[in-house]
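Student: Need a 3D model of the following:
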Amino acid sequence: MEQGRERLNRFLTELVERIQWAEAGFLSQANLSPQEVRLLETVCQAVDGGLDNRSTAIAAARRVTAGTLTSAVKLLEKKGYLTRRRDERDRRVVRLLPTELGRKASEGYAAFRKKWTENAIACLTEDEAAGLIRTVDKLSRALHRGGVQTQMEELI
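Tutor: Numbering: from 1, shown residues only. Okay, here's the model as predicted:
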């Protein structure tokens, strides 16, 4: 069993590295970092879904401080991906909106992720893919419950 756990450890480490490498190559074309494109994606999802696109809501969704969000938004605004707009009813509220360039970058990133996923599971049968998805869902729930994150923090 220990050998299997070590293989899984190596696989997950390699998987993360490969994803980061592929992601960096894709994002370098748009002059975006992974954090910037995920922020952009969060803003697009909020706007498209009729959800709260206030700066405070986006900061909470990304789990960053208001100051961190402000710095990132300024940079994305300078690059032409986002705009900030004061709410017409409450001038204290700042809403974030993607520009056309921002929307294209977010859509391109989503297409990149979809293609990467399709390529990754292309070697699997339908049953194998379904089993993998069930397993990943189970692992994801465990991560979201905080068990793995809490254990990692204890090691640091």
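Student: wait, residue 31 sits on residue 78?
Tutor: No. At 10.8 Å, residue 31 and residue 78 do not qualify as touching, with contact defined as C-beta atoms under 8 Å. Backbone N, C-alpha and C define where each C-beta goes, glycine included.
Student: And residue 83, its phi and psi?
Tutor: Backbone geometry at residue 83, expressed as degrees, to the nearest 10, gives phi -130, psi 150.
Student: Which residues are in contact with it?
Tutor: The contact partners of residue 83, taken as C-beta atoms under 8 Å, 6 or more residues apart in numbering, are 77, 96, 97, 98, 99.
Student: the strands in the chain, which residues?
Tutor: For the chain, strands defined by DSSP state E occupy the ranges 82-86, 94-98.
Student: which helices and strands does the last one pack with?
Tutor: Contacts of strand 94-98 with other secondary structure elements, assessed using 3 or more C-beta pairs under 8 Å, 6 or more residues apart in numbering; DSSP states H and E, are made with helix 34-48, helix 55-62, strand 82-86.
Student: pLDDT below threshold where in the protein?
Tutor: Along the chain, the model assigns pLDDT under 70 to residues 146-156.
Student: Just give me the residue right at the centre of it.
Tutor: Central residue of the chain (C-alpha atoms, centre = their mean): residue 38, 4.1 Å from the mean position.
Student: returning to what we had before: out of the contacts of residue 83, which one sits closest to residue 69?
Tutor: Proximity of those to residue 69 (C-beta to C-beta) peaks at residue 96, which lies at 8.8 Å.
Student: That's all I had, so thanks and see you.
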